[in-house]
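*Asks:* 3D model of this:
(one chain, ligands or ions: 3)
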Amino acid sequence: MTQCYFQNIPDITYEGPNSTNTFAYRHYDPSEVVMGKTMAEHLRLAVCYWHNFVWPGNDPFGGQTFERPWFPADSMELAKAKADAAFDMFRILNVPYFCFHDADVRPEGQSFAENTRNLNEIADYFADKMEETGTKLLWGTANLFSHRRYMGGAASNPDPDVFAFGAATVKTCMDVTHRLNGENYVLWGGREGYETLLNTDLRHEDQQLGRFMNMVVEYKHKIGFKGALLIEPKPQEPTKHQYDYDVATVYGFLKRHGLENEIKLNLEQGHAILAGHSFEHEIAMAQSLGLFGSIDMNRNDYQSGWDTDQFPNNVPEVALAYYYILQGGGFSTGGTNFDAKLRRQSIDPEDLILAHAGAIDVCARGFKAAAKMIEDGTMADFVTDRYAGWQGETAAKMLNGEMDLDQIAQMVETTDLRPEPKSGKQEYLENVINRFV
Ligand code: XLS
Ligand code: NI
Ligand code: NI
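*Replies:* Ligands and ions are numbered 1, 2, ... in the order given. Here you go, the predicted model:
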């Protein structure tokens, strides 16, 4: 396969909001400067390997719908053909970053050693292509959930042999991520959870997961990996109950195992929805706990109840997500990854390109709206004013521990304190947002 999979598809460039060319950006101009940085520097866009180049289009009722020339990619030759197509796509879209799991990029071997050899060979191939094209690695990760050995989990598996195989695999994936100058290393929980409590020892599995994550942190420092380690919360799917349920749950895990200063979070819109939260809730919560790292900007269908991984298409929602990201200072090592997949009827090569081009434009529009909200300041000022009472002397004493319940009761009585309710002004604030999106 020497011919480009995306033949006759032009490179996507910025043509401005009035362009009717479907193969163009109307809102994403990588060099446009917003709040002192280019859009490319702000968004740090990434394309994922797995949904685009590995997933065959199956669903619970039917098999493969996509016909990619590199399928089944069970040889090094086909794995390289797949990489050629992937890097063609990164160029066409002009995205600076990509992300992958080990199993996405190398053929499955008969043993750990063969897996490692295959991974290293494809990493060499990537290194050349990255050098040639300037594409960078936003994050690498290990697939510890597809192979049947992991059916009962990896780090939380009752069988220590599976724990060991998973740990060894993470080591090789961290090595490769480090070698390719990855800016983050992601740990999504895969099958770390349970199907039924009847066969599960919760306390033991928590201990296993805690040790596993501590080893990952120790190894990061041992090899001098400068990127961030990111856990990706998700409440369910594939297991009935995933241990990394949501931001608050992962925070509890990190505190319990002394990891809260070592690991941050990769947040996915669809996972937030599955957990019964809004995306901005998870982002704002992570910011407030000092854990915000990166995002998977793929949405769920609000009716379906599973992880549909659709490309973002809702500008006001995306705007609020970026508003809270910007409020926390924007991305540092993180970025905007599309962990998104086509619908299974979208079988043409150009569907892959159009899906990303549209999603990138939605992100650019949302981001620019968010930047205007920040620059305007009305929304943030409202929140500051709402808490302004805490600047007072007595209020400060209540908060910093200088007053106890007795003293507060005395103060309330002697001053005959009668609190007056004040409007929360939700509708007013929602109207303010509407000025910018
Ligand atoms: C699955 C997750 C997964 C991670 C990477 O739901 O989103 O794709 O992002 O392992
Ligand atoms: Ni997901
Ligand atoms: Ni994800």
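
*Asks:* Name all residues that make contact with residue 71.
*Replies:* Counting by CB atoms under 8 Å, 6 or more residues apart in numbering, residue 71 touches 56, 64, 78. Every residue, glycine included, has its C-beta placed from N, CA and C.

*Asks:* Just confirm the second one contacts residue 58, I think it does.
*Replies:* Yes: counting by CB atoms under 8 Å, residue 64 sits close enough to residue 58 to count as a contact (5.9 Å).

*Asks:* Surely residue 325 is in a helix?
*Replies:* Yes: assigned with DSSP: H, G, I helix; E, B strand; the rest coil, residue 325 falls within a helix.

*Asks:* if I look at the closest residue to it other than its chain neighbours, how far off is residue 327?
*Replies:* Using CB to CB, 6 or more residues apart in numbering and skipping residues adjacent in sequence, the residue nearest residue 325 is residue 283, 6.0 Å away. From residue 283 across to residue 327, the span is 9 Å (CB to CB, to the nearest Å).

*Asks:* So if I had to pick from those two, which one is more boxed in?
*Replies:* Neighbour count, other CB atoms under 10 Å: between residue 283 and residue 327, residue 283 has more, with 26 against 17.

*Asks:* Wait, the more buried one touches residue 321, no?
*Replies:* Yes: counting by CB under 8 Å, residue 283 does reach residue 321; the two are 5.9 Å apart.

*Asks:* Common neighbours of those two, please.
*Replies:* What both residue 283 and residue 321 touch, as defined by CB under 8 Å, 6+ apart, is the set residue 295.

*Asks:* show me where the stretch 301-437 of the chain has helices.
*Replies:* Using DSSP state H, counting those that start in this stretch, the helices of the stretch 301-437 of the chain run over residues 315-327, 349-376, 378-386, 393-400, 405-414, 426-434.

*Asks:* Dump those helices into JSON lines; add mean pLDDT as well.
*Replies:* Formatted as JSON lines, the helices of the stretch 301-437 of the chain follow (pLDDT from 0 to 100):
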{"stretch": "helix 315-327", "mean pLDDT": "98"}
{"stretch": "helix 349-376", "mean pLDDT": "98"}
{"stretch": "helix 378-386", "mean pLDDT": "98"}
{"stretch": "helix 393-400", "mean pLDDT": "98"}
{"stretch": "helix 405-414", "mean pLDDT": "98"}
{"stretch": "helix 426-434", "mean pLDDT": "97"}
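
*Asks:* Let's have the ones you listed in a markdown table, adding distance to ligand 2.
*Replies:* Formatted as a markdown table, the helices of the stretch 301-437 of the chain follow (distance: least, CB to the ion, whole Å):
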| stretch | distance to ligand 2 |
| --- | --- |
| helix 315-327 | 16 |
| helix 349-376 | 15 |
| helix 378-386 | 29 |
| helix 393-400 | 39 |
| helix 405-414 | 46 |
| helix 426-434 | 27 |
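
*Asks:* Include distance to residue 260 when you put these into CSV, please.
*Replies:* Listed next are the helices of the stretch 301-437 of the chain as CSV, based on distance: least, CB to CB, whole Å:
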stretch, distance to residue 260
helix 315-327, 20
helix 349-376, 27
helix 378-386, 25
helix 393-400, 22
helix 405-414, 30
helix 426-434, 31
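
*Asks:* Please give me every residue in contact with the residue of the stretch 301-437 of the chain found nearest ligand 2.
*Replies:* Closest to ligand 2 within the stretch 301-437 of the chain is residue 307: 4.6 Å, counting by CB to the ion. If a contact means CB under 8 Å, 6+ apart, then residue 307 has 234, 237, 270-271, 274, 300 as its contacts.

*Asks:* if you set the cut-off to 6 Å instead, what comes out?
*Replies:* Going by CB atoms under 6 Å, 6 or more residues apart in numbering, residue 307 touches 237, 270.

*Asks:* And it, what's its pLDDT?
*Replies:* In this model, residue 307 is scored at 94, pLDDT.

*Asks:* Please tell me how far it sits from residue 270.
*Replies:* 5 Å.

*Asks:* For the residue in the stretch 251-400 of the chain positioned nearest to ligand 1, which non-adjacent residue is spatially closest?
*Replies:* Of all residues in the stretch 251-400 of the chain, residue 339 sits closest to ligand 1, at 4.5 Å by CB to the nearest ligand atom. Spatially, and ignoring its direct neighbours in sequence, residue 339 is nearest to residue 296 (3.8 Å; CB to CB, 6+ apart).

*Asks:* So that neighbour is in contact with residue 337, correct?
*Replies:* Yes: Residue 296 lies in contact with residue 337 (CB atoms under 6 Å); the separation is 5.1 Å.

*Asks:* Which one of those two is surrounded by more residues?
*Replies:* For the pair residue 296 and residue 337, the greater number of neighbours falls to residue 337 (26 against 22), based on other CB under 10 Å.

*Asks:* got a list of what the more buried one touches?
*Replies:* Taking CB under 6 Å, 6+ apart as the test, what residue 337 contacts is 46, 99, 296.

*Asks:* Across the sheet, point out what pairs with it.
*Replies:* Following DSSP bridges, residue 337 is listed with bridge partners residue 46, residue 296.
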